[in-house]
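**Student:** Only the shape, not the letters, is given here:
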């Protein structure tokens, strides 16, 4: 299978004419942090290990296997949404 020709932000496969979008070059150097999906806090620790380990958030008490790999901007958006929901429920 041939690799294809580069056309701007897409790579076109010669055999199947499938276009695959490249990841933006600016995001390649960006550091991702595992954060809580509920509150956006990076303060997580393992509650239970193994292949299906559970994370526990020190900030909101979330316990689950799902965490988000987020950059600082995404972490702030999650935190802002969490705090706005907390204010509404008061």
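**Tutor:** In hand now; what should we look at? A quick note: this is a predicted structure, and the numbers were derived from the prediction, not measured.
**Student:** where exactly do the helices run in the protein?
**Tutor:** Taking DSSP state H as the test, the helices found in the chain are 72-89.
**Student:** Run a quick neighbour tally on residue 75.
**Tutor:** Residue 75 has 19 neighbouring residues, counting by other CB atoms under 10 Å. Heads up, the C-betas are built off the backbone N, CA and C, glycines and all.
**Student:** do residue 65 as well
**Tutor:** Counted with other CB under 10 Å, residue 65 comes out at 11.
**Student:** same check, this time on residue 73
**Tutor:** Using other CB under 10 Å, residue 73 is surrounded by 9 other residues.
**Student:** With residue 62 instead?
**Tutor:** Residue 62 has 19 nearby residues by other CB under 10 Å.
**Student:** go on, the one 5 residues further on?
**Tutor:** The burial metric for residue 67, expressed as a neighbour count using other CB under 10 Å, is 17.
**Student:** check contacts around the nearest residue to it once chain neighbours are set aside.
**Tutor:** Distances taken as CB to CB, 6 or more residues apart in numbering place residue 34 nearest to residue 67, at 4.7 Å, with adjacent residues excluded. Contacts for residue 34 (CB atoms under 8 Å, 6 or more residues apart in numbering) come out as 42, 44, 55, 67-69.
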